[in-house]
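Q: Fold the following and give me the result.
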Amino acid sequence: MSQSGTQGIMPLHVVVLAAGQGKRMRSAKPKVLQQIAGQPLLQHVLNTAQQLGADRITVVVGHGAERVRQAIPQADVHWAVQDPPQGTGDAVRCALRGHTPAADEITLVLYGDVPLLQRDSLLPLLAEARQGALALLTQQLEQPTGYGRIVRDEADGVRVMAIVEEKDATPAQRAIREVNTGILAGPTAPLAQQVAALSNNNAQGEYYLTDCVAAAVAAGQAVVTASPGHRWEADGVNDPWQLAQLERAWQQHQARELLLSGVRLADPARIDLRLQQPLLHGQDVDIDVGCVFEGRVQLGHGVRIEPYCVLRNCQIADGAIVRAFSHVDGADIGAGSVIGPYARLRPGTVLAEHTHVGNFVELKNAQFGEGSKANHLSYVGDATVGSGVNIGAGVITCNYDGANKHRTIIGDGAFIGSDTQLVAPVTVGAGATIGAGTTLGRDAPEHQLTLSRARQRTVPGWQRPVKKAR
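A: Modelled structure (predicted):
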């Protein structure tokens, strides 16, 4: 939370309205917990509030209140319950009830199902609110059906006089294309008085937050407007189709930002960024189609990501290649390394420079030294692998005894033959060779061949069975 109130800047109270049931989502999940880019809609709104330096955040919940609280376990969020739902004005009244604001506090009202408003689009509203105005976020729509209309003074066409909901609008007012997004900011004290005085004498029988505009005009308070930087920022989510449209709009926006920063995308329509912070990257990064990025991901210079990879909470150093259909989760990949195709790197994996992890190889909590290779069909878990090690096809570290995990240590330059099982805890000495098909249950000495293999024999006169005639 910001300490703006102690630094000479007016304290900011962000109120987030999140009490709607969202019946049109056709889901048992509360609407504000539906996801865009891997995060709940409400979490996006809270992230924006924090970026604005909010001193207090109050979320108004109703339907599924406890489930929403559990999904958003942020200690800096205050919760208010609206029960029964009686409109947006009543929701803000619930948020301000029992709150004693500083004399110069301003309040910004956001919506839990309008997830993608950007910080820069809200700053003009806050600036106007700090000057004492009631500031509204509005936009022009070709098809304004369903929205409240911004009614301006007929004499000058500039001064905002009221917001009229469509169900209460005259034919002339319905022709207005400037619409209310619902987002507003103003000094808290007059806003609290305005919502307290609201009436529900309207077609819906609800307390409209928009009626505060007419009250502000009547009291001589300036009412001003600003517009979002992008059309989609003020879009809300009411059904799965709108959710999908907004997801694509956000992904397209992120793809554009990546392209303009120098990343090469094979197709900007076929990438999904579900990140907690912007993708960090060097120069000449190349990303093919169908890739998904989650959490926090950093790509070095010249990294190449082939099609349909999933990268989550990982770092990939300069010149590394992640081949198609690989999953990298919680791993660090060294410079010049080659991963995949069809490789899976799990949390705790750290690869030094110029390592190779090939097709259908899974690593978990494994550290590989420079130049080591596991190229085919192997599982290496809870292992420390030195430099220049070759791990053959079908090698398995047997790291779990049914209750505890145990570690395998492989020294520099060791050669692990195909189809070997390393039963941890076990150490393979530097330069050791483990013969193919070995089950290693004791330490293998340095620079020697160790193997366990039944003696091969041929059975004279053996006949292969044949089918009996029916």
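
Q: Please compute how far the lowest-mean-pLDDT helix or strand in the chain lies from its chain's middle.
A: Lowest by mean pLDDT, DSSP states H and E among the helices and strands of the chain is strand 160-164, with a mean of 90. Relative to its chain's centre, strand 160-164 lies at 37 Å (CA atoms, centre = their mean, to the nearest Å).

Q: Show me what secondary structure element comes after that strand.
A: Heading C-terminal from strand 160-164, the first helix or strand you meet, by DSSP states H and E, is helix 171-174.

Q: Looks to me like residue 452 is in a strand.
A: No: checked against DSSP: H, G, I helix; E, B strand; the rest coil, residue 452 lies outside a strand; its state is coil.

Q: and it, backbone torsions?
A: phi -130, psi 110 (degrees, to the nearest 10).

Q: Give the full set of residues in contact with the closest residue to it other than its chain neighbours.
A: Nearest residue to residue 452, sequence neighbours excluded (CB to CB, 6 or more residues apart in numbering): residue 438, at 4.9 Å. Bear in mind the C-beta positions are built from the backbone N, C-alpha and C, glycine included. With contact taken as CB atoms under 8 Å, 6 or more residues apart in numbering, residue 438 is in contact with 417, 420, 421, 450, 451, 452, 453.

Q: For those residues, pick the one with the most neighbours.
A: Greatest neighbour count in these, by other CB atoms under 10 Å, goes to residue 420: 25 neighbours.

Q: how far away is that one from residue 457?
A: Residue 420 is 22 Å from residue 457, where distance means CB to CB, to the nearest Å.

Q: Would you map the strands across the stretch 51-200 of the chain?
A: Under the criterion DSSP state E, counting those that start in this stretch, the stretch 51-200 of the chain carries strands at the ranges 56-61, 77-81, 106-111, 134-140, 149-152, 160-164, 178-187.

Q: Quick one: mean pLDDT for the fifth one?
A: Translated: strand 149-152. Strand 149-152 carries an average pLDDT of 93.

Q: ok, now the fourth one?
A: For strand 134-140, the mean per-residue pLDDT is 96.

Q: That strand relative to strand 106-111, how many degrees between them?
A: 30 degrees (axes from the mean of the first three to the mean of the last three CA atoms, to 10 degrees).

Q: again, but for the second one
A: Counting by the same axes, to 10 degrees, strand 77-81 lies at 70 degrees to strand 106-111.

Q: Describe which strands strand 77-81 pairs with in its sheet and in which direction.
A: Applying DSSP bridges, strand 77-81 is found paired with strand 56-61 (parallel).

Q: quick one on the thing from earlier: and the strands of the stretch 51-200 of the chain as a markdown table, adding mean neighbour count and distance to residue 11?
A: Output for these, formatted as a markdown table (neighbours: other CB atoms under 10 Å; distance: least, CB to CB, whole Å):
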| stretch | mean neighbour count | distance to residue 11 |
| --- | --- | --- |
| strand 56-61 | 25 | 7 |
| strand 77-81 | 17 | 14 |
| strand 106-111 | 26 | 7 |
| strand 134-140 | 22 | 16 |
| strand 149-152 | 22 | 28 |
| strand 160-164 | 21 | 26 |
| strand 178-187 | 23 | 11 |
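
Q: Quick check: which of these is nearest to residue 221?
A: Nearest of those to residue 221, taken as CB to CB: strand 134-140 at 5.7 Å.

Q: Next one: residue 455, what pLDDT does it get?
A: 87.

Q: which element is it on?
A: Using DSSP H and E, residue 455 is not contained in any helix or strand.

Q: next one: residue 292
A: strand 291-299.

Q: Please, where are all the helices along the stretch 201-350 of the chain?
A: 211-218, 240-260 (DSSP state H, counting those that start in this stretch).

Q: For residue 217, which residues are in contact?
A: Going by CB under 8 Å, 6+ apart, residue 217 touches 159, 160, 161, 162, 223.

Q: so can I have CSV of those residues showing distance to residue 29?
A: Listed next are the contacts of residue 217 as CSV, based on distance: CB to CB, whole Å:
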residue, distance to residue 29
159, 43
160, 37
161, 40
162, 36
223, 37
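
Q: which two from the residues you listed end up farthest apart in space?
A: Largest separation among the contacts of residue 217 by CB to CB: 159 and 162, giving 10.6 Å.

Q: re the thing from before, any idea of the angle the least confident helix or strand of the chain forms with helix 211-218?
A: 160 degrees.

Q: What helices and strands are in contact with strand 160-164?
A: strand 149-152, helix 211-218, strand 223-226 (3 or more CB pairs under 8 Å, 6 or more residues apart in numbering; DSSP states H and E).

Q: what's that strand in contact with?
A: So strand 160-164 is in contact with 136, 148-153, 170, 173, 180, 208, 210-211, 213-214, 217, 223-225, going by CB under 8 Å, 6+ apart.

Q: Residue 421 reaches residue 439, doesn't it?
A: Yes: in this structure residue 421 lies within contact range of residue 439 using CB atoms under 8 Å: 4.7 Å.

Q: what's the spacing between the residue lying closest to residue 40 once chain neighbours are set aside and residue 414?
A: Distance criterion CB to CB, 6+ apart; nearest residue to residue 40, sequence neighbours excluded, is residue 33 at 4.7 Å. Applying CB to CB, the value for residue 33 to residue 414 is 50 Å.

Q: Between those two, which is the more surrounded one?
A: Set side by side, residue 33 and residue 414 show more neighbours around residue 414, with 25 against 21, by other CB under 10 Å.

Q: re the thing from before, present the strands of the stretch 51-200 of the chain as CSV; the columns should include distance to residue 97.
A: Formatted as CSV, the strands of the stretch 51-200 of the chain follow (distance: least, CB to CB, whole Å):
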stretch, distance to residue 97
strand 56-61, 10
strand 77-81, 7
strand 106-111, 13
strand 134-140, 20
strand 149-152, 29
strand 160-164, 23
strand 178-187, 17
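
Q: and residue 231, which of these is closest to it?
A: strand 134-140 (7.0 Å).

Q: orientation of the closest one relative to strand 178-187 in degrees?
A: 160 degrees.

Q: Strand 134-140 pairs with which strands, and in what direction?
A: Counting by DSSP bridges, strand 134-140 is paired with strand 178-187 (antiparallel), strand 223-226 (parallel).

Q: Residues in contact with it: which ones?
A: Contacts for strand 134-140 (CB under 8 Å, 6+ apart): 117, 121-122, 124-126, 128-129, 150, 160, 163, 177-186, 190-191, 212-213, 216, 221-228, 231, 234.

Q: circling back: on contacts alone, who are the packing partners of the strand holding residue 292?
A: Going by 3+ CB pairs under 8 Å, 6+ apart, strand 291-299 lies up against strand 271-275, strand 280-281, strand 310-316.
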